[in-house]
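Participant: Next comes the sequence, and after it the predicted model I'd like to discuss.
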Amino acid sequence: QLQASGGGLVQPGGSLRLSCAASGFTLHYYTIGWFRQAPGKEREWVSCISSRDGSPNYADSVRGRFTISRDNAKNTVYLQMNSLKPEDTALYYCAATTSEYARTPANFGSWGQGTQVTVSS
């Protein structure tokens, strides 16, 4: 099971760092993805980090502002979010997959409870 944490209320232009911790399995054996879901919208893929070589991928909406990273010693994946915008407001989740190319929620598992990010002045 994965557990996301680190959300909160932040002003536009601010930063947050989300953490995704695993229990019961080793994160770096899987590609870990971050997703978000705003009220009334579908869950959307945000970013993922490859199990094979640790390379990151980002949705166009967050590229250049968000950075995904992995700390194998802590069995944790992070999502550093900078220059936050009101449209980044959502419940953020992390999940795992064995596919290097998966981008849809249906191809991910081990979902935990999300962490709320609210960007507002």
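Facilitator: Perfect, I can see it now.

Participant: what residues are up against the residue sitting nearest the centre point of the chain?
Facilitator: In the chain, the residue lying closest to the centroid (C-alpha atoms, centre = their mean) is residue 34, at 2.5 Å. Residues in contact with residue 34, defined by C-beta atoms under 8 Å, 6 or more residues apart in numbering, are 18, 20, 45, 46, 47, 48, 68, 77, 79, 92, 93, 94. Every C-beta, even on glycine, is put in place using the N, C-alpha and C of the backbone.

Participant: and residue 17, how many residues sit next to it?
Facilitator: 14 (other C-beta atoms under 10 Å).

Participant: Confirm that it lies within a strand, as I assumed.
Facilitator: Yes - assessed with DSSP: H, G, I helix; E, B strand; the rest coil, residue 17 lies in a strand.

Participant: Tell me the pLDDT of the residue nearest to the centre of the chain.
Facilitator: If you check residue 34, the pLDDT there is 98.

Participant: Which of the three states applies to it?
Facilitator: Once three-state DSSP is applied, residue 34 turns out strand.

Participant: which strand residues sit across from it in the sheet?
Facilitator: residue 47, residue 94 (DSSP bridges).

Participant: For it, give its distance to residue 121.
Facilitator: 24 Å (C-beta to C-beta, to the nearest Å).

Participant: In which helix or strand does residue 62 reside?
Facilitator: Following DSSP states H and E, one finds residue 62 outside all helices and strands.

Participant: list the contacts for it?
Facilitator: 46, 47, 81, 88.

Participant: can you list the weak-confidence ranges in the protein?
Facilitator: Along the chain, no part satisfies pLDDT under 70.

Participant: Show me the strands in it, by range?
Facilitator: Assigned by DSSP state E, the chain shows strands spanning 2-5, 8-10, 16-22, 31-37, 44-49, 56-58, 66-71, 76-81, 90-97, 115-119.

Participant: hang on, the earlier thing: so which of the contacts of residue 34 is the closest to residue 113?
Facilitator: Using C-beta to C-beta, residue 93 is the member of the contacts of residue 34 that lies nearest residue 113, at 8.0 Å.
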